[in-house]
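J.: The following block contains a protein sequence and its predicted model.
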Amino acid sequence: MNAWGTLLATVTGAAIALLGQYLNKRNEARAKSVALLMDACAQVAASSGDLLNRIWEEHVLNLESRVVGWDLAGHRLASARVQILTQDAGLLAALREVNDAGQALGAYWRRGDVEEAEYQSRRDRYRAAMHEFLVQSSRVLGRHLDRP
């Protein structure tokens, strides 16, 4: 009976150790995914704000070629990361709206000879989209960070 008890204790101890390792690796992977999502969301938000500022600089300060220097490739990369890292419908819809509104504003601005009312309408849509993206990002990331 003593040998059976020792064997049972050994198997139980090994099972607990393996389960602990599995849970630890799973938590580490989840934490890494959340960190990557947070970084990607922050990059989208910062890039979007940068575009809005560059358009403002050209519009109000009459600086030239500010929008041309905007990092579109970096924005697209960050957007792709968000799409890969989450399946949350609200966040993905907000991301689509940021990208659609930004494209509409940027395309209109690059045409030149803009009408103030149309410009303000597109700018306001973009600002609202950026705000909603931040709200959705905070919601999704907050939900992940609140988990034990």
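T.: Structure received.
J.: any idea where the helices of the chain begin and end?
T.: 2-60, 72-85, 89-111, 116-146 (DSSP state H).
J.: Among these, show the one with the smallest mean pLDDT.
T.: Ranked by mean pLDDT, these bottom out at helix 2-60, with a mean of 85.
J.: Return the list of helices and strands in contact with that one.
T.: Other helices and strands packing on helix 2-60, by 3 or more C-beta pairs under 8 Å, 6 or more residues apart in numbering; DSSP states H and E, are helix 72-85, helix 89-111, helix 116-146. All C-beta atoms are positioned from the backbone trio N, CA, C, and that covers glycine.
J.: Show me what the first one is in contact with.
T.: Which is helix 72-85. 33, 36-37, 39-41, 43-44, 47-48, 51, 91-92, 95, 99, 102 (C-beta atoms under 8 Å, 6 or more residues apart in numbering).
J.: Kindly recompute the last result at 6 Å.
T.: For helix 72-85, contacts defined as C-beta atoms under 6 Å, 6 or more residues apart in numbering pick out L36, L37, A40, Q43, V44, S47, L95.
J.: on that earlier part again, in a markdown table: the helices of the chain, plus mean neighbour count and distance to R66.
T.: Output for these, formatted as a markdown table (neighbours: other C-beta atoms under 10 Å; distance: least, C-beta to C-beta, whole Å):
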| stretch | mean neighbour count | distance to R66 |
| --- | --- | --- |
| helix 2-60 | 13 | 4 |
| helix 72-85 | 16 | 13 |
| helix 89-111 | 17 | 10 |
| helix 116-146 | 15 | 15 |
